[in-house]
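Novice: Could you look at this predicted model? Sequence included:
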Amino acid sequence: MSGYRLLSYVAEGRRPRAGLLRGGAVLDVAEAVAADPRARRIASGAAWDSVLSLLEDWPRAQDALAALVESFAAQDPLPAARPLAGLRLRAPILYPGAVFGAGANYSDHYREMRGEDPPDKRGKQPFFFLKTSAHSIIGPEEAIRLPGFSSQVDWEAEIGAVIGRPAKDLPVERALGCVAGYLIVNDLSARDFLRRDDTPFVFDWVGQKCFDTSCPMGPWLTPAGEVADPQALSIRLWVNDALMQDSSSRHMIFGVAEQIAWLSRHVTLRPGDVVATGTPAGVGRPRGIFLKDGDVVRIAIEGLGELRNPVVAARARGAEPAT
């Protein structure tokens, strides 16, 4: 690993803290900044103890993190480093102000769901829904708890673009400049709540998208500078040992920059916001396959790591809450 990754970890019974991952070693960001003279000068008293606090001060935090990487690059083992294998990780961002989900944004997924090619996107615009944040987000190895009201919970492997500075009315050509980094999102969906006939509003976005544990996220945040082209990343998802999704971000209908530009025309994007950019083909609904108690979902996205979550039934005990 030539650069670094940012993660949230729990150790020694403390609250989740920001960690800097390099190779297999993790530095506590706040402790490392306090110990490094150059990083400490840049921080100027900032308490960067969470990934969200780093994102809220991203231009300055980037410089301090670069100083840490430079200071520790030649030292093996890293001073005060913790082995990654011994840490319990949480979702990288606890918690985003908003999670924006792109709908029907991959040409191969559009075909599997609609049975036809997507229309020409000229004159069209991206479509988004919202997922709840602290209610829904869980991290690596945390349990997906199947909701008692649904028997059709489906998986959706997605690239999440994380905002690193306030952004409003961005043109497409400048949109990626507000992205701090990327992570993996599993946009779980209760397919039996896609449509409802007991209301004139037809679609139930809360029932379908916002149940507890419906947004696994992680395993860490990969800085944007480490991703050469977000439109050229392989995306794979397994349920147990069965490869279900095997595609590429090149199949996006609206690219990451186009999505961010559209959103920024409607709202001011804020540091820590996550844009889940859509899922490719391979979801369960077209095949009538849905998650069940005892399954394990694993997602690998090129350059972004691997996110793994066990699945437990609604009646099961011992699953951790999403808070």
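Specialist: Right, received. Where do you want to start?
Novice: Quick check: the gap between residue 208 and residue 9.
Specialist: The gap separating residue 208 from residue 9 is 32 Å, by C-beta to C-beta, to the nearest Å. To be clear about C-beta, it is placed using only N, CA and C from the backbone, and glycine gets the same treatment.
Novice: nope, residue 150 is what I meant
Specialist: In this view, residue 150 and residue 9 are 31 Å apart by C-beta to C-beta.
Novice: Please apply the same query to residue 203.
Specialist: Residue 203 is 38 Å from residue 9, where distance means C-beta to C-beta.
Novice: The two: which is more packed in?
Specialist: The neighbour count for residue 203 versus residue 9, taken as other C-beta atoms under 10 Å, is higher for residue 9 (22 against 14).
Novice: so the more buried one sits right up against residue 86, yeah?
Specialist: No: contact between residue 9 and residue 86 fails when scored by C-beta atoms under 8 Å: they sit 9.7 Å apart.
Novice: got the contact list for residue 90?
Specialist: Applying C-beta atoms under 8 Å, 6 or more residues apart in numbering, we find residue 90 in contact with 8, 9, 10, 16, 139, 140, 142.
Novice: same deal with residue 314?
Specialist: Going by C-beta under 8 Å, 6+ apart, residue 314 touches 145, 146, 147, 148.
Novice: per-residue pLDDT, it?
Specialist: Model confidence at residue 314, given as pLDDT, is 79.
Novice: same check, this time on the one 5 residues further on
Specialist: Predicted confidence (pLDDT) for residue 319: 45.
Novice: quick one: the residue of the chain positioned farthest from its centre from residue 107, how far?
Specialist: Going by C-alpha atoms, centre = their mean, the residue of the chain most distant from its centre is residue 198, 33.1 Å out. Using C-beta to C-beta, residue 198 is found at 33 Å from residue 107.
Novice: shaky segments in the stretch 51-200 of the chain?
Specialist: Scanning the stretch 51-200 of the chain for pLDDT under 70 picks out the ranges 74-79.
Novice: Buried only: go through the contacts of residue 314 for me.
Specialist: 145, 146, 147 (16 or more other C-beta atoms under 10 Å).
Novice: Quick check, residue 25 in contact with residue 82.
Specialist: Yes: between residue 25 and residue 82 there is a contact at 7.0 Å, judged by C-beta under 8 Å.
Novice: Excluding chain neighbours, what is closest to residue 7?
Specialist: Distance criterion C-beta to C-beta, 6 or more residues apart in numbering; nearest residue to residue 7, sequence neighbours excluded, is residue 220 at 3.9 Å.
Novice: any idea of the pLDDT on that neighbour?
Specialist: 98.
Novice: Done for today, thanks.
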